[in-house]
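Enquirer: whatever this is, show me its structure:
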Amino acid sequence: MKNNCPSPARLILDRDALVSNWKTLDRMGGAATTGAAVKADGYGLGAADIVSILYDAGCRDFYVAHWQEAAPLLPFLQDASLSVLNGLMPQDMTNPDLHHPCVKPVLNSMAQVEKWIGAGAGRCDVMVDTGMNRLGLPMNEIDNVMLEQLDIDVCMSHLASADEDIPQNTAQLDNFSIARSAIKARRYSLANSAGIALGEDYHFDLTRPGLALYGGIARAELKTDIRPVVSLEAIVLQVRDLKAGDQVGYNAKFTADRTMRIATCALGYADGYLRAFAGNGEMLLDGQRLPVLGRISMDLIAVDISNIEALQEGDMVKCSYDLQKSAAATGLSQYELLTNLGGRFDRVWR
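Expert: Okay, here's the model as predicted:
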């Protein structure tokens, strides 16, 4: 049964920014069609909402990692397609969505190719490993005659280091061009968010952005036009006064050096606000910075509100959650900052 009780913490999600980011990436991709990676529940923001919003914006190609992520999205696909990137495991062969007209497995090995042929060989995608050594057919198998039995919509690969200017990018591009000549498909796809910024040679027929859709900056070329999509708010649970020498939180990692006023807010590990923010995190109210004091707790943080007189229990404060700045401050990746956002948040689209 759904619990209708409001959460003490919420994600404020910017619908216009999401659409703007997709359109920016679509423009940068030139003639290529632009898809959307919505795996990990839309990078933590809510995949069903994101599919619905981006479908209305014109997106027709979506990507998840696991089959269990596919079923909740089917009502929102209409005439769009959903590719399952992790391919086919034995237990997937009885999945009722396996032959859904909107869903395609991404075949990553010849064993998966055999399974798919045995299951009737409907429309599918094929991943080629061009140098990442993660998932995909190795280059020495791209001429296998069994591939000719497949109805391949998209032949794809994945760039390992597109966020850097290193020789691996051109090596993967060269390998993918070879694979394109060997494997017959309707469309070819190589570029992720960072790959789109590498230029036209990497775009092919279809791009597959993820991080940049949600406000992440994968390369400097994206910084000007990619807009933040998510911000956090948390409720103040308690306000208290400290005197010099009072200690705050687990292991007494903060000691007041003066008279202070602090607020305990409903945000912590279980919400994805991790220990790395201790000493680096801050909340915001009316443009004023409220530094996080001491360690992050499972469900709570303490912040310095000495310069805020009106704040009281039940008020909401905003969390400073700029992805690029937070990544630099904490050592967490922008991917971690998004995908660790917990299920307790109310997700509010505005």
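Enquirer: can you pull out the strands in the stretch 251-350 of the chain?
Expert: For the stretch 251-350 of the chain, strands defined by DSSP state E, counting those that start in this stretch occupy the ranges 254-255, 260-265, 282-285, 288-293, 301-304, 316-319, 346-349.
Enquirer: actually, the stretch 51-200 of the chain.
Expert: According to DSSP E, counting those that start in this stretch, the strands that the stretch 51-200 of the chain contains are 61-64, 81-84, 103-107, 123-127, 151-156, 187-189.
Enquirer: can you pull the contacts of residue 53?
Expert: Residues near residue 53 by CB atoms under 8 Å, 6 or more residues apart in numbering: 15, 18, 19, 349. Quick note: C-beta positions are derived from backbone N, CA and C, even for glycine.
Enquirer: for the second one, grab the count of nearby residues.
Expert: This means residue 18. 25 (other CB atoms under 10 Å).
Enquirer: tell me the spacing between residue 193 and residue 185.
Expert: Distance, residue 193 to residue 185, by CB to CB, to the nearest Å: 22 Å.
Enquirer: with residue 160 instead?
Expert: Distance from residue 160 to residue 185, by CB to CB: 21 Å.
Enquirer: averaged pLDDT, the top helix by length along the chain. What do you get?
Expert: Looking across the chain with DSSP state H, the single longest helix is helix 167-182. The predicted model gives helix 167-182 an average pLDDT of 98.
Enquirer: the closest residue to residue 127 other than its chain neighbours - how many residues pack around it?
Expert: Closest residue to residue 127 apart from its sequence neighbours, by CB to CB, 6 or more residues apart in numbering: residue 136 at 3.8 Å. When neighbours are defined as other CB under 10 Å, residue 136 has 24 of them.
Enquirer: my guess is residue 136 meets residue 113, correct?
Expert: No: counting by CB atoms under 8 Å, residue 136 does not reach residue 113; the two are 11.8 Å apart.
Enquirer: circling back to that earlier point, neighbour-wise, which of residue 193 and residue 185 wins?
Expert: Neighbours per residue, other CB under 10 Å: of residue 193 and residue 185, the larger number sits with residue 193, 27 against 20.
Enquirer: number of nearby residues for the closest residue to that one other than its chain neighbours?
Expert: Distance criterion CB to CB, 6+ apart; nearest residue to residue 193, sequence neighbours excluded, is residue 212 at 3.7 Å. Residues lying near residue 212 (other CB under 10 Å) number 25.
Enquirer: likewise for residue 233?
Expert: Using other CB under 10 Å: residue 233 sits among 23 other residues.
Enquirer: which of the three states applies to it?
Expert: strand (DSSP: H, G, I helix; E, B strand; the rest coil).
Enquirer: the closest residue to it other than its chain neighbours pairs with what?
Expert: Nearest residue to residue 233, sequence neighbours excluded (CB to CB, 6+ apart): residue 316, at 4.8 Å. On the basis of DSSP bridges, residue 316 is bridged to residue 235.
Enquirer: can you list the domains in this protein?
Expert: Using automatic domain parsing, the domain ranges for the chain come out as 15-222, 231-321.
Enquirer: tell me the most buried of those domains?
Expert: Comparing these by mean neighbour count (mean count of other CB atoms under 10 Å), domain 15-222 ranks first with a mean of 19.
Enquirer: show me where pLDDT drops low in the stretch 1-150 of the chain?
Expert: The stretch 1-150 of the chain contains residues with pLDDT under 70 at 1-3.
Enquirer: can we see that at 80?
Expert: Within the stretch 1-150 of the chain, the stretches with pLDDT under 80 are 1-4.
Enquirer: can you give me the helices for it?
Expert: 15-28, 39-43, 47-57, 110-118 (DSSP state H, counting those that start in this stretch).
Enquirer: can you list those in CSV and add distance to residue 151?
Expert: Listed next are the helices of the stretch 1-150 of the chain as CSV, based on distance: least, CB to CB, whole Å:
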stretch, distance to residue 151
helix 15-28, 27
helix 39-43, 24
helix 47-57, 24
helix 110-118, 10
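Enquirer: so which of the ones you listed gets nearest residue 270?
Expert: helix 39-43 (15.8 Å; CB to CB).
Enquirer: so how far is the closest one off the chain centroid?
Expert: Here helix 39-43 is found 5 Å from its chain centre; the criterion is CA atoms, centre = their mean, to the nearest Å.
Enquirer: do stretch 158-165 as well
Expert: 17 Å.
Enquirer: tell me what angle the longest helix of the chain forms with strand 151-156.
Expert: 160 degrees (axes from the mean of the first three to the mean of the last three CA atoms, to 10 degrees).
Enquirer: before we move on, the earlier item: farthest pair within the contacts of residue 53?
Expert: So, the contacts of residue 53 by CB to CB: farthest apart are 19 and 349, at 11.1 Å.
Enquirer: before we move on, back to that, pipe the contacts of residue 53 into a markdown table and attach distance to residue 247 per row.
Expert: Below are the contacts of residue 53 laid out as a markdown table (distance: CB to CB, whole Å):
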| residue | distance to residue 247 |
| --- | --- |
| 15 | 43 |
| 18 | 42 |
| 19 | 47 |
| 349 | 40 |
